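Trainee: Predicted coordinates and the sequence they were generated for:
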Amino acid sequence: SRSRSRGRYRRGRNDRFSGARRQHRVADPCRVLGVFGMNRDTAERRIEDVFGEFGKLTDVVIIRDRQNNESRGFGFITFEDQKGADEAREKLCGSVLDGNRIRVDYSVTRRAHSPTPGIYMGDRR
């Protein structure tokens, strides 16, 4: 009988799910903060109250599921100035908001993403 190759490129069927946590891109400081791990019941008004203590906000967006309009548990906050964003990130990252420990970090993108049609648009193999 033939045995499988034991070469260096052999992969087990569960290798891609080996428990390695997803690495987050490190973003440069900016006025836009991403808030992740939010309680799905947290409303924009609550975000405005909590983050507004650190400076004037120009925009608060909670990302919602397109089909049922439920929160996806993350959102983006834009501060009028950099100082407010820096202070909010430092003080609120790792804090508990509405029962969930949140991660607050600078946004990798500087503008909102363009809407997608809800289907995969990448290369088909």
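Mentor: Happy to help now that I have it.
Trainee: Residue 83 - how many residues pack around it?
Mentor: By other CB atoms under 10 Å, 12 other residues sit near residue 83. The way it works is simple: take the backbone N, C-alpha and C, and place the C-beta from them, glycine included.
Trainee: which residues touch the nearest residue in space to it that is not next to it in sequence?
Mentor: Among residues not flanking residue 83 along the chain, residue 55 sits closest, at 6.5 Å (CB to CB, 6 or more residues apart in numbering). Residue 55 makes contact with 79, 80, 81, 83, 84, 85, 87, 88, according to CB atoms under 8 Å, 6 or more residues apart in numbering.
Trainee: measure residue 55 to residue 28 for me?
Mentor: In this view, residue 55 and residue 28 are 19 Å apart by CB to CB, to the nearest Å.
Trainee: what do you get for residue 50?
Mentor: Relative to residue 28, and taking CB to CB, residue 50 is found at 24 Å.
Trainee: And stretch 34-50, end to end?
Mentor: One end of stretch 34-50 to the other measures 14 Å (CA to CA, to the nearest Å).
Trainee: With stretch 75-86 instead?
Mentor: Using CA to CA, the two ends of stretch 75-86 sit 17 Å apart.
Trainee: okay, residue 66: pLDDT?
Mentor: For residue 66, the pLDDT comes out at 89.
Trainee: swap in residue 16?
Mentor: 44.
Trainee: same check, this time on residue 114
Mentor: pLDDT at residue 114 comes out at 57.
Trainee: Next: residue 49.
Mentor: Looking at residue 49, its pLDDT stands at 97.
Trainee: returning to what we had before: between residue 50 and residue 28, who's got more neighbours?
Mentor: Shown here are residue 50 and residue 28; by other CB under 10 Å, residue 50 has more neighbours (18 against 8).
Trainee: Distance of the more buried one relative to residue 108?
Mentor: According to CB to CB, residue 50 stands 22 Å off from residue 108.
Trainee: Ok, residue 29 next?
Mentor: Distance from residue 29 to residue 108, by CB to CB: 12 Å.
Trainee: Name the helix or strand for residue 87, please.
Mentor: helix 82-92 (DSSP states H and E).
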